[in-house]
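Chemist: I would like to see how this sequence folds:
(chains A and B)
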Amino acid sequence: MFSLTPPQLFGSKKDGVKQAEIQGLLKYGWHTEAMVLTAIRGELVVIPVEWSWLTLSRVLFSRQEVMKWNGWGYSDSRFLFNKKGQAEFTGRRYRLSGMVLPSLKDWFESTFGASLQHKSPATATLNASAVPFPSLNEAFLQDLKSTGIPFSHEAEDRVFRAHGHCLHEIFALREGKFGRVPDLVVWPNCHEDVVKTVDLACRHNVCLIPYGGGTSVSSALECPPDETRCIVSLDTSQMSRILWIDEKNLTAHVEAGIVGQDLERLLNESGYCTGHEPDSMEFSSLGGWVATRASGMKKNVYGNIEDLVVHIKMVCPRGVVEKSCQGPRVSIGPDIHHFIMGSEGTLGVVTEVTIKIRPMPEYQKYGSVVFPNFEQGVACLREVAKQRCAPASIRLMDNAQFQFGHALKPQVSSIFTSFLDGLKKFYITKFKGFDPHHLCVATLLFEGDRERVLQHEKQVYDIAAKFGGLAAGEDNGQRGYMLTFVIAYLRDLGMDYYVIGESFETSVPWDRVLDLCRNVKERIVRECRERGVQFPPLATCRVTQTYDAGACVYFYFAFNYRGLADPVNIYGRVEHAAREEILANGGSLSHHHGVGKLRKHWMPESISDVGIGMLKSVKEYVDPDNIFGSRNLL
Amino acid sequence: MASNTLYSPRDPALKKRDDFEDILEERRSSSDLRYALRCYVPVVYKGIAPCKPGVLKTAVLQSDRLRHVVAEMSKETGESADVIREEASGILEEMAHRLRLGTVRFFAYSLSKAFKALFQRVRVNEDGIQRLQQSIQEHPVVLLPSHRSYMDFLIMSYILYTYDLSLPVIAAGMDFLGMKIVGEMLRMSGAFFIRRSFGGDKLYWAVFSEYVKTMLRNGYAPIEFFLEGTRSRTCKSLTPKLGLLNIVMEPFFKGEVFDVSLVPISISYERVLEEALYARELLGVPKPKESTSGLLKARKILSEDYGSIHVYFGHPVSLRSLAQGRINRSQYNLLPRHIPRRPSQETQAFVNETAYRLVRLQEENMVLRPWVLVAALLLQNPDGVDMERLVEQTSWLRGLAVSFGAFLDWPDYVSASKAVASSLALHTGLVRTEGGRAQLAMEPKEPGSPEEDLFDRAASVLSCASYRNQILHVFLRPALLGMAMQMAEASRKDDIYSCFSFLRDVFSNEFILCPGGTVQDFDEACYMLTKCAAVHVQKQEVVATEKGQRILSFLTSLFQPFLKGYQVVCRFLCEDAPEGFPESEYVAAVRSFAVKRILSGELTCYEALSSDVQKNALAALLRMKVVRKLKVGDQVTLRVNKVAANTLENKLGGRVSTQKALLARL
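Modeler: Got it, this is the predicted structure:
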């Protein structure tokens, strides 16, 4: 047994040693408090557990060695039903890790009509021979070699970067099916490397698709199947340094490949944070946030990505675009940042970003409120938004999601807790007369100095009381937020048992929130029935963000596909119908997931033909040869 | 052209319909009191927001829509908002229903008694009731019964109560409120009252539409109204009115409800209670004002036999499915939803088309008694017909009607002679059978002046016609084709099509012919006539067959009275109408013109006296711009293009070929 030091590996890669040499972190063997025992090339390796993604990614180019190649997140973390038929979450990274979830099975079986007897397991290992052979542009490759930028055309590397996390993408991987995948992966190490890469791509007419965290849910990473040029996936993961922190102006200049959780951790070390916490922050990257107009859970305090960004540097085929100063607000024509934000990799690669930072909050407090029904809950959120006193985060789950959250309660450790739970339930349903099939829960997160938090908390609970809301404790609140981090893992569990599903989101004016939620859910149910889905689907939503003029609504939709010949196709049609329903009810095409290729069908009606023309003309100037040929958006 | 469309008509004769159950049967064998007092727990809409009528009113008065309109009116008129709000509250007070179970139980009791006295059977398709019950739980429901009699909404509520379904709230005309106690009782059994005309009154419209929409959105109760707007005095469906239909559709267009179920309901009477009244009314004897004492006088009708009533609850039509691909709902995204806005053209067209479709669904499921066939035949033989021949013809007509999809209540085991005999027995007031001949009862009971005699005869013709009218919808399209073939005087398909299109246009106020559906109707007509081997449809030609002569001549003479009626109107306009005469005098003037012509023997068609035909003809002429309305002061006068009127008359009489007529019109 020996321990590998990072520089060794890193060096060996840079020296152009073949990818195969460090291939395959096969499976975790066992772990302790501090160490993960793992194997590289059949040899045992011990890695400190606190090495997160950043550390590992700088060690290992191939993320698949810590992350699943055909599912969500870390290889060591997954849900499974143990021999006793109880659900368990493996690994040790999350609060839920290692815990038994006794009620998940019943919920799972009764909600979907699924059964543990009927399994639909995934292909266990990636069959490299099924991956299409790379079609390489030799001239490009020669020039690339001379720059010394690392690259690979190993099947695993290419497959890993050929997809995001849409249902159809993951479903195909689980079946071991591969469509068009990138022909080459490059790992530029800094802005200059990107400039060189883009320059070479232009010279040799090679198609570039930037790859950040790979958490896209808009088919944005899918390679256009009819692209005949060599497709190069430009992996930004090596560009993950904080270049400087400016404490006077509270900004940090960061390379765009950095992943959310690393950015926060590194800033925390200096006493700061960005406060930008999208649900995918464990894996999604700064550049990706900029390219898709991301939104964070705590935007009420810190703002969305467009509020956080001070300066952006992007490398385009036409050259490098950036502003000349860091003025906090400027009136110099249309903001060029808004060409970059939301460009979804069609114009260039974001390499460096100056982002606002804040001192770390002194105090954090979770909370939750139970409402008799969803209508009252929405009315309360609307009032909170009106009074502009929203906590860092406020989310309202509908009844189905509340029940879902309940199913994720870990085994209760003491009789006392279970007694307390029983008492709480009795108080709410019997004493207060809330109907357990209608009540819904808002989860809250307050941040700031302690006194202000407590004051703020009182204000919000007072408003809630006016709408019949009852405070329901911190624990419920925290569990609500946990759900968002593990939901993607849960999908993998569902897929092991014939259940497929996904989430989608929209933003909508306040007066239409209720109508939109009801109609979209009903549309899903009706479409499933009409398309021959044998079991009633799960269609549930929550209001996740409040704004002055509206809210963001997030839907989960899943169903049991036993008996269907082409479940992915049916899933896609239902999702398509749900999106049409959203648009018909005054909702937007997307609040933060972006358009990608999945939703670009609706772009003309969303932004008008002239709007499309505007975007096209920018694309034509910036990238006349369509080097950034992902074909997202337009 | 016509034949190239993808439209392929379904065989109407194969339409499957439900069976009926008689709901009076149980009433005759058990206690009405117990029935009226029984436990009544209807299923309700899953998304219902339960509230009392009082709360409903407050919700309406405080709605965004009403607040908006009040503020706007206050700005326009300078009147204080409070005064306008007070006014709105007054309107609502006058309009709103006060549904009370007690009253419903009272009606349940007394109607049981009345129905048993009046009718032999009240038959309902229970499968339809089951479908309705399902729909009520899923989506807000709009009940759309046909309207032939005052009895309609009593029957509806009675049936729903019987089957333990939610009682509807019913849009009723304000005239009922004139009946003192009865009006209020109707209110307490779920009727709400709307003024007959409130064209320009913005506030009234706002209160009214918000009231209906609030009930719909909350799933308060099924909403019931009559698409036809008023009772049809002629027993043929009236062209639909769109106001209320627009209102109930809007919540769906604006996303406030997921879907709305529109349920067409066909109520067919073997004998309409108002039978005699209607004929008089059509001939210009004014309609008696609704009054309680009038109702009490009407008690004597309790002693007569009115046969059976059939109520057919059609399949609920999903508004969402209808609107799929037709209505772009995102057009409402950019304006706050409470701000009233004129519906877009596509929306108007959609509502109109839907209304026609629903009325056609009502027609399709109207149960027809054998008597209807007999009446049609008797009218074609004003001089009477041998019983034997009548039986033979009725039997032949039955076959034709069934193959065209008529919903005939004539079981196979009943022979034609028996069916004819029992039909004649039920309508002794209208038919005379002597010496093996049957004839319309035309001789006046006591001879009066020639004009009085003429009106008596006309009254029995119109009464009889009201039965024949019930079957017209079955034959309408093939008959138009038959008439077009006659008119075109050639077999070229294009010519026939243009005549068809012309006739269809002329009669689109008279019959249920949806604007824009000409091609489809033409194909349907060709299909039906081909099916019964009456015509040969080739690529370029439509040719009548030997066998088809009988069918075609029956069809054309079936619709002859209408053709004649329109011609009389044209003739009147050419010859007798003074320049710019007031619209209010139109009906009386045409009538006396027609009376003159009948007395002089130039005209034999009594139906030309029907004010219904006359009004429809005027509407058609206005639409075709042969007549124009001019507003002079308070009076609306009519200005006639005599050349056009003359041409039209000639064309209807088949005296000018189409091509020339078209040229003349240009």
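
Chemist: please read off the pLDDT at the nearest residue to B:Gln331 once chain neighbours are set aside from the model.
Modeler: Once flanking residues are discounted, B:Gln331 sits nearest to B:Ser344: 6.3 Å by C-beta to C-beta, 6 or more residues apart in numbering or on different chains. C-betas here are computed from N, CA, C, even on glycine. B:Ser344 is assigned a pLDDT of 92 by the prediction.

Chemist: for B:Ser344, grab the count of nearby residues.
Modeler: 14 (other C-beta atoms under 10 Å in any protein chain shown).

Chemist: shouldn't it be in contact with B:Ser330?
Modeler: No - here B:Ser344 lies out of contact with B:Ser330, judged by C-beta atoms under 8 Å, at a distance of 12.0 Å.

Chemist: below-threshold pLDDT in the stretch 401-550 of chain A: ranges please.
Modeler: Under the criterion pLDDT under 70, the flagged ranges of the stretch 401-550 of chain A are A:413-420, A:423.

Chemist: redo that, cut-off 80
Modeler: A:411-433, A:483 (pLDDT under 80).

Chemist: who in it is up against chain B?
Modeler: Proximity of the stretch 401-550 of chain A to chain B (C-beta under 8 Å from any C-beta of the partner chain) is limited to residues A:Asp511, A:Arg512, A:Asp515, A:Leu516, A:Arg518, A:Asn519, A:Glu522, A:Arg523.

Chemist: which among those count as buried?
Modeler: A:Arg512, A:Asp515, A:Leu516, A:Arg518, A:Asn519, A:Glu522, A:Arg523 (16 or more other C-beta atoms under 10 Å in any protein chain shown).

Chemist: okay, the last one and A:Ser77: tell me how far apart.
Modeler: Which is A:Arg523. According to C-beta to C-beta, to the nearest Å, A:Arg523 stands 34 Å off from A:Ser77.

Chemist: for the residue of the stretch 351-500 of chain B found nearest chain A, list the residues it contacts.
Modeler: The minimum distance from the stretch 351-500 of chain B to chain A, using C-beta to the nearest C-beta, falls at B:Val351 (17.6 Å). B:Val351 makes contact with B:Leu242, B:Leu245, B:Asn246, B:Met249, B:Pro343, according to C-beta atoms under 8 Å, 6 or more residues apart in numbering or on different chains.

Chemist: let's see that with 7 Å instead.
Modeler: B:Leu242, B:Leu245, B:Asn246, B:Met249 (C-beta atoms under 7 Å, 6 or more residues apart in numbering or on different chains).

Chemist: quick check: residues of chain B near chain A?
Modeler: B:Gly255, B:Glu256, B:Phe258, B:Arg329, B:Ser330, B:Asn333, B:Arg337 (C-beta under 7 Å from any C-beta of the partner chain).

Chemist: so the second one makes contact with B:Gly219?
Modeler: Pointing back at B:Glu256 there. No - using C-beta atoms under 7 Å, B:Glu256 is not in contact with B:Gly219, being 11.4 Å away.

Chemist: looking at the two now, which is surrounded by more residues?
Modeler: Between B:Glu256 and B:Gly219, B:Gly219 has the larger neighbour count (other C-beta under 10 Å), namely 22 against 19.
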